[in-house]
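> 3D, please:
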Amino acid sequence: DNFEQNLVVVQRYYNKQPKRCRTIKLLLQHEKAEGIHQPGGILKEPSAALSILWMRRTLSFQNSFFDELSKTAPAQSDAPARAALTAYHQTLEPYHSNLLRKVYRIGLPRGMPDRQTLLAKFGGSERTIDDMRKLVQVWRPLLKSMERPFLALDLEDYR
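Numbering: from 1, shown residues only. Now for the predicted structure:
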């Protein structure tokens, strides 16, 4: 899984100098000071910054998916597929190649179970939707706080 691979990259970098990398901001400052990234947010591959960026994008996708799904009515059985496509469009699609976009646009809806089945996997009731709403409210400011140092340090890679 790419999330796990990205986590390994960040962990390796952190393990080299844990005191200098106690926060995302400190880690990014340290990596930028090494001069491995280009101006304009062009991040080196592989790097801890790029890995954190993709982890944040993945979490943003999940947050957007839960947000979209939490707005649906119980009778909307295709809600997960529509929520996944909307979340993809809002979060990951701008950074994917045309080929990958096509794969996601076809694969996401086909891979999504109906609303009732999906909720059963998460705990099985409409209370799960309430939990998703709460999670979205918690994650939203956390994701923003993860984004801020990237913007401040000119490390937000838009590719």
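> and residue 24, how many neighbours does it have?
19 (other CB atoms under 10 Å). Heads up, the C-betas are built off the backbone N, CA and C, glycines and all.
> next one: residue 115
Neighbour number of residue 115 under other CB under 10 Å is 22.
> Distance of the nearest residue to it once chain neighbours are set aside relative to residue 63?
The shortest distance from residue 115 to any non-neighbouring residue, by CB to CB, 6 or more residues apart in numbering, is to residue 79 (4.6 Å). Between residue 79 and residue 63 the computed distance is 16 Å (CB to CB, to the nearest Å).
> Likewise for residue 88?
Residue 88 is 13 Å from residue 63, by CB to CB.
> try residue 29
According to CB to CB, residue 29 and residue 63 sit 26 Å apart.
> Just after the worst-scoring helix or strand of the chain on mean pLDDT, pick out the following helix or strand.
When each helix and strand of the chain is scored by mean pLDDT, DSSP states H and E, helix 115-122 comes last, with a mean of 91. Using DSSP states H and E, the helix or strand that follows helix 115-122 towards the C-terminus is helix 127-152.
> Spatially central residue for this protein, please.
residue 58 (2.0 Å; CA atoms, centre = their mean).
> Great, nothing more from me.
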